[in-house]
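In: All I have is the shape, not the residue letters:
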DNA sequence: CATGAATGAGATTTCATTCAT
DNA sequence: GATGAATGAAATCTCATTCAT
């Protein structure tokens, strides 16, 4: 085959693959992972069921790919934000981190729910699997280590701070998920930062 | 029928009902909600599948009942703890609240995961449904209102504190769920309280 | 449950199981193993597809059971014939053996074809599996060992005689399978015996 | 188009056709006829699936061609052997016949199994089809007719001798197929001939 | 002609639910 | 009320075949 038509075919393949992932995202977001149907995904993607299986081994692999795409999107945004603020002090970087995550959750409400659902179920099947939240925790840990080093954070309890932080982020996401509240990202971010640094207590 | 045998029969019914819920809890904890099977629940309960349907309308109703039992157990513990400390100051009551929740999560790891999974899915189907976490948030809200009134908490952002608090609790629970760490309830509770009041920042 | 209705239920179960095997036999005989369809088997048995799976793990297990029933039928007939002639000389016992096998093949033409087909495929998958023809060979070997001991058979080449004998039997069966000839069992048996003892050559 | 490039193209076509048949032989030998897959055949042949369909109408035609090639190979060998011994006596010709068949079976174990499998299935679909074993029987019949004419064979039962002979040959082949025994062609041939002429019985 | 992505009919299998005993 | 065999709708997955490039 000549190189031109090979490249064309490759582009078409990538387009189809993306269409399938988009369709899977729509279907699983609408019905959850356990209820999303392959036939419906095919219909949404404008392909036949067989085609789904040309691109993904089986239903599980499709979900896997979907979550991975989502995970990579989130993490690349987070990593970008961290890279851009690489020279900043801890507070600025934390603000960038929290802001990015909150914004991402706001934009991807439904898929976040699927990810959480599947990561719970996946945890039962295969506890070793990469979890988005776990990856997020890794970033949070590094960040918090910087905060400790800068003397911006308490040293005691520091090992739990990433867990607290991710919990707060997730909780905010879920609150948004189940309510009709439209979250305002910047305000939400600022409030989270205040809470993280000062807690809920009054200054003495 | 005489009242005595009526009472006996009622007791038997209740025993069966409880056995079924226990079996459902074991099955769903082991396989997750979407994969738990009715036949297996019957086997675990020592009854036939038909009997499940004599006690519960369908699979959904059984799960509903299971989650409700779980929710009521948690909430009654929490409410007990709050009632016992009704006359105490905010900090003491918050300590009782957090301690109770942490201890409950520690004891019911697997079921908590199922509850979260189903509440996510349920949220898609019927957004009005009572959620354990939401009910917990209601308690947290009342408690925090007390804290605000006592001037123990900042007034600004106070509407988000329940969300943050519940997020932290859940995150600690999940961390325990997926790691092999054995959590030590009292220490965990103390650290959470420190974080809640003072945040992660250094005192100036 | 009371014992009477338990026994009744057991009888019904056995009847259903037999009906399913009969239906599978009909379907696989008509279309061969690889083309026989589960739905059609269910239809022939007068049950639903689901019921097939209540009795047999999967398609393969159903075929397995069918072949086993067939194998046991043949072997029990053969063993009966051998037992009844236990005190007879070699020739009489061989006559009984050959006669029984020829008669069985005549009666079960189509199923024999399925058995042969599956035993070939099964040999690829799992070379350890019991084969009807192999079991038959075991009987033939024992019989021929008796013949050798009685000085009725040549000692040299004796290790191949069972193979030759079973080959002849099978070949006769297949000839019958593919032709419209109606075989006459007794004559066929007598001819096989003559050939087995004297070969095709003229007496000098 | 000039004749030279036409011939070249024809040679290429034939090479591709042979590569496809070789690939089909490998695939069907490995997985049996009913499980061999077109895509895998294409991969083994180093062509695309589409190309398979340029050379053969469909899957059935490809198998047909494969079996025919195999049949022709066997029969041409047999016919060669018979032609070379055209002037010899019956025993020599029979020896040539048996020796050729045994050697061929030894060399083509897996394919012989496929042929048997398909001929059984084919027999169900289209009882008129040419069968390798039947063709072999035809040669055996002619040969045996010569033997009868030469007074080397008994006249009674002679109509069954071809069936017996082919059965013996096949049985020896299958024995080799399923065991790890390496057969020694000449010894095997000699033993078969002894059995065919004299049977298993002791000379009086 | 060759290619290989797309097709979709068709098969297997699962399992919540029903209902005769 | 309890039982558990039967049901059958629904879902997943396979793979021979087609056809635009």
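Out: Sure thing, it's come through. These numbers come from a predicted model, not from an experiment.

In: drop to CA atoms for contacts and neighbour counts, all remaining ones
Out: Noted.

In: And the host helix or strand of residue A:134, what does it pack against?
Out: Residue A:134 is part of helix A:132-149, with elements assigned from DSSP states H and E. When contacts are defined as 3 or more CA pairs under 8 Å, 6 or more residues apart in numbering or on different chains; DSSP states H and E, helix A:132-149 sits against helix A:59-84, helix A:90-107, helix A:161-178.

In: Name the residues of the first one that are buried.
Out: This points to helix A:59-84. A:62-64, A:66-68, A:70-71, A:74-75, A:77-79, A:81-82 (16 or more other CA atoms under 10 Å in any protein chain shown).

In: same check, this time on stretch A:81-97
Out: For stretch A:81-97, by 16+ other CA under 10 Å, it's A:81, A:82, A:85, A:90, A:91, A:93, A:94, A:95, A:96, A:97.

In: for whichever residue of chain A sits closest to chain C, phi and psi?
Out: Closest residue of chain A to chain C, CA to the nearest CA: residue A:58 (20.7 Å). When read as degrees, to the nearest 10, the backbone of residue A:58 gives phi -160, psi -180.

In: count of neighbours near the residue of chain A found nearest DNA strand E?
Out: Using CA to the nearest atom of the strand, residue A:50 is the residue of chain A that sits closest to DNA strand E, at 2.8 Å. Here the number of neighbours of residue A:50 (other CA atoms under 10 Å in any protein chain shown) works out to 11.

In: Please identify the helix or strand for it.
Out: Assigned by DSSP H and E, residue A:50 belongs to helix A:49-55.

In: what's that helix packed up against?
Out: Looks like helix A:49-55 contacts helix A:38-45 (3+ CA pairs under 8 Å, 6+ apart).

In: how about 10 Å then?
Out: Using 3 or more CA pairs under 10 Å, 6 or more residues apart in numbering or on different chains; DSSP states H and E as the contact test, the elements touching helix A:49-55 are helix A:3-31, helix A:38-45, helix A:59-84.

In: buried sites along the second one?
Out: Within helix A:38-45, the residues that count as buried by 16+ other CA under 10 Å are A:38, A:40, A:41, A:42, A:44, A:45.

In: Now pLDDT and distance to residue D:149 too, for these, in TSV please.
Out: Converted to TSV, these look like this (pLDDT from 0 to 100; distance: CA to CA, whole Å):
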residue	pLDDT	distance to residue D:149
A:38	95	71
A:40	95	75
A:41	96	75
A:42	95	72
A:44	95	77
A:45	95	76
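
In: Can you tell me which of these are also in contact with DNA strand E?
Out: Among those, not one lies near DNA strand E by CA under 7 Å from any atom of the strand.

In: Could you dump the residues you listed into a markdown table with distance to chain C added?
Out: Converted to a markdown table, these look like this (distance: CA to the nearest CA, whole Å):
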| residue | distance to chain C |
| --- | --- |
| A:38 | 22 |
| A:40 | 25 |
| A:41 | 27 |
| A:42 | 26 |
| A:44 | 31 |
| A:45 | 31 |
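
In: how is chain A carved up into domains?
Out: A:1-56, A:65-198 (automatic domain parsing).

In: Among the ones you listed, which one carries the weakest average confidence?
Out: Set side by side, these give their lowest mean pLDDT on domain A:65-198, at a mean of 86.

In: Serialize the helices and strands packed on helix A:132-149 to JSON lines and add fields for distance to residue C:29.
Out: Below are these laid out as JSON lines (distance: least, CA to CA, whole Å):
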{"stretch": "helix A:59-84", "distance to residue C:29": "36"}
{"stretch": "helix A:90-107", "distance to residue C:29": "60"}
{"stretch": "helix A:161-178", "distance to residue C:29": "58"}
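
In: what's the closest non-adjacent residue to residue A:199?
Out: Distance criterion CA to CA, 6 or more residues apart in numbering or on different chains; nearest residue to residue A:199, sequence neighbours excluded, is residue B:199 at 3.5 Å.

In: again, but for residue A:19
Out: Among residues not flanking residue A:19 along the chain, residue A:45 sits closest, at 5.4 Å (CA to CA, 6+ apart).

In: Give the full set of residues in contact with the one you found.
Out: By CA atoms under 10 Å, 6 or more residues apart in numbering or on different chains, the contact set of residue A:45 is A:16-24, A:26, A:39, A:51-52.

In: quick revisit: distance to residue C:158 for the buried residues of stretch A:81-97 - can I get that in a markdown table?
Out: Output for the buried residues of stretch A:81-97, formatted as a markdown table (distance: CA to CA, whole Å):
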| residue | distance to residue C:158 |
| --- | --- |
| A:81 | 85 |
| A:82 | 84 |
| A:85 | 89 |
| A:90 | 91 |
| A:91 | 93 |
| A:93 | 89 |
| A:94 | 89 |
| A:95 | 91 |
| A:96 | 89 |
| A:97 | 85 |
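
In: Out of these, which comes closest to DNA strand F?
Out: Each of those was scored against DNA strand F by CA to the nearest atom of the strand, and residue A:97 proved nearest at 36.2 Å.

In: In chain A, what residue lies closest to chain B?
Out: Using CA to the nearest CA, the closest approach of chain A to chain B is made by residue A:199 at 3.5 Å.

In: and chain A, which residues reach DNA strand F?
Out: Residues of chain A found near DNA strand F (CA under 7 Å from any atom of the strand) are A:5, A:36-39, A:49-51, A:53-54, A:57-60.

In: can you rerun that using 10 Å?
Out: Listed as neighbours of DNA strand F in chain A under the rule CA under 10 Å from any atom of the strand: A:1, A:4-6, A:8-9, A:12, A:33-42, A:48-54, A:56-62.

In: tell me the SS of residue A:197?
Out: helix (DSSP: H, G, I helix; E, B strand; the rest coil).

In: how close does it sit to residue B:160?
Out: As judged by CA to CA, to the nearest Å, residue A:197 and residue B:160 stand 15 Å apart.

In: Then residue A:69?
Out: 31 Å.

In: what do you get for residue A:32?
Out: Residue A:32 is 28 Å from residue B:160, by CA to CA.

In: Comparing those two, which residue is more hemmed in?
Out: Looking at residue A:32 and residue B:160 with other CA under 10 Å, you find the greater number of neighbours at residue A:32, namely 24 against 18.

In: wouldn't the more buried one be in contact with residue A:118 here?
Out: Yes. Checked against CA atoms under 10 Å, the pair residue A:32 and residue A:118 is within contact range at 8.9 Å.

In: Would you confirm that residue A:77 contacts residue A:98?
Out: No. Residue A:77 is beyond contact range of residue A:98, at 11.3 Å (criterion: CA under 10 Å).

In: any shared contact partners between those two?
Out: Contacts common to residue A:77 and residue A:98, judged by CA under 10 Å, 6+ apart, are residue A:104.

In: Next up, the contacts around residue A:98.
Out: Counting by CA under 10 Å, 6+ apart, residue A:98 has contacts A:78, A:81, A:104, A:140, A:165-166, A:169, A:185-186, A:188-190, A:192-193.

In: got JSON lines for the residues you listed, with distance to residue C:147 too?
Out: As requested, the contacts of residue A:98 are exported to JSON lines (distance: CA to CA, whole Å):
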{"residue": "A:78", "distance to residue C:147": "86"}
{"residue": "A:81", "distance to residue C:147": "91"}
{"residue": "A:104", "distance to residue C:147": "86"}
{"residue": "A:140", "distance to residue C:147": "85"}
{"residue": "A:165", "distance to residue C:147": "88"}
{"residue": "A:166", "distance to residue C:147": "84"}
{"residue": "A:169", "distance to residue C:147": "87"}
{"residue": "A:185", "distance to residue C:147": "95"}
{"residue": "A:186", "distance to residue C:147": "98"}
{"residue": "A:188", "distance to residue C:147": "96"}
{"residue": "A:189", "distance to residue C:147": "96"}
{"residue": "A:190", "distance to residue C:147": "99"}
{"residue": "A:192", "distance to residue C:147": "95"}
{"residue": "A:193", "distance to residue C:147": "97"}
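
In: So how do I select the buried members of the residues you listed in PyMOL?
Out: Selection of buried members from these for PyMOL, criterion 16+ other CA under 10 Å:
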select buried, chain A and resi 78+81+104+140+165+166+169+185+188+189+192+193
